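Engineer: Okay, predicted coordinates and the sequence, questions at the end:
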Amino acid sequence: MTGVLALVGGNELGPGNEPQDRLLVEAANGGPAYVVASAAAGERPELAVRHAKAWFEDLGLEVTELRARSRHEAREPAIAQLAAAGRFFYLVGGDPRRVPDALGGSPVWDAIVGAWRAGASLAGSSAGAMALGSWTLLPGRGARRSAPGLGLVPGIAVIPHLGSFGKGWVSDARRELPDAVLLGIDEATAAVWRDGGWTAMGAGGVTVWRDGGSRRYAAGDAIDGVPAPG
């Protein structure tokens, strides 16, 4: 049975995220817990790791870094072995190009997915959440462009920070990916997969664009129209 999966809209590891983060911690059941700083590799990743350690310690979980900041590290057998035994993984935000580049097709990513399929908690925020869809949106000259993601949730593209600067990405995403399900997520908010369905959790809301229309979901609402992860 797959574990809990949370797609977080950014501004992670702080107030407003308690509902989804407590759920992730509870589902981890005290097992080995890791923060993955691939997205922050070019932006002082040690600060992201330190922040994650402090935040989750306050929630009762000891977190260490699963070192997969580069393609080379994500192909280290020893790191993949650690991941295979993990019960909690959190992919922090940063540069959306870095997560698929580092983790795509790697033994570490295969081990993370295998652990999640066996019941481990898995979350990504901002760039980390974007990477978990079939496509991620990358900055370009003027408009955002799409690139392949890790594909854990098929057929979707995540638009984080929807309540702030992310709302400016919606038109680019709809033009670039007309057949995709677009999942817009506010900061400190998550679309959470558990028990066979998606639910909105956190401080804000989630908007789904599909088949030419859109629908907004508040915290606590069941989310329709988003494919199951797999």
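Structural biologist: Perfect, I can see it now.

Engineer: only C-alpha atoms for contact and neighbour calcs from this point on.
Structural biologist: OK.

Engineer: wait, residue 159 sits on residue 181?
Structural biologist: No. At 10.5 Å, residue 159 does not count as touching residue 181 under the criterion of Cα atoms under 8 Å.

Engineer: Between those two, which has more neighbouring residues?
Structural biologist: residue 159 (29 against 25; other Cα atoms under 10 Å).

Engineer: excluding its backbone neighbours, what's nearest that one?
Structural biologist: Take residue 159 and drop its neighbours on the chain: the residue closest to it by Cα to Cα, 6 or more residues apart in numbering is residue 184, 4.5 Å away.

Engineer: what pairs with that neighbour across the strands?
Structural biologist: Beta-bridge pairing of residue 184 under DSSP bridges involves residue 159, residue 207.

Engineer: OK, contacts around it?
Structural biologist: Neighbour list for residue 184: 9, 158, 159, 160, 161, 162, 206, 207, 208 [criterion: Cα atoms under 8 Å, 6 or more residues apart in numbering].

Engineer: any idea how far residue 213 is from the most centrally placed residue in the chain?
Structural biologist: Centrality entry for the chain: nearest residue to the mean C-alpha point is residue 124, 1.9 Å, by Cα atoms, centre = their mean. Per Cα to Cα, to the nearest Å, residue 124 is found 26 Å from residue 213.

Engineer: the helices in the chain, which residues?
Structural biologist: For the chain, the helices defined by DSSP state H occupy 18-28, 45-58, 77-84, 98-103, 107-117, 127-130, 170-176.

Engineer: Among those helices, show me which one is buried the most.
Structural biologist: Burial of the helices of the chain is given as mean neighbour count (mean count of other Cα atoms under 10 Å); helix 127-130 ranks first at a mean of 31.

Engineer: Much appreciated, bye for now.
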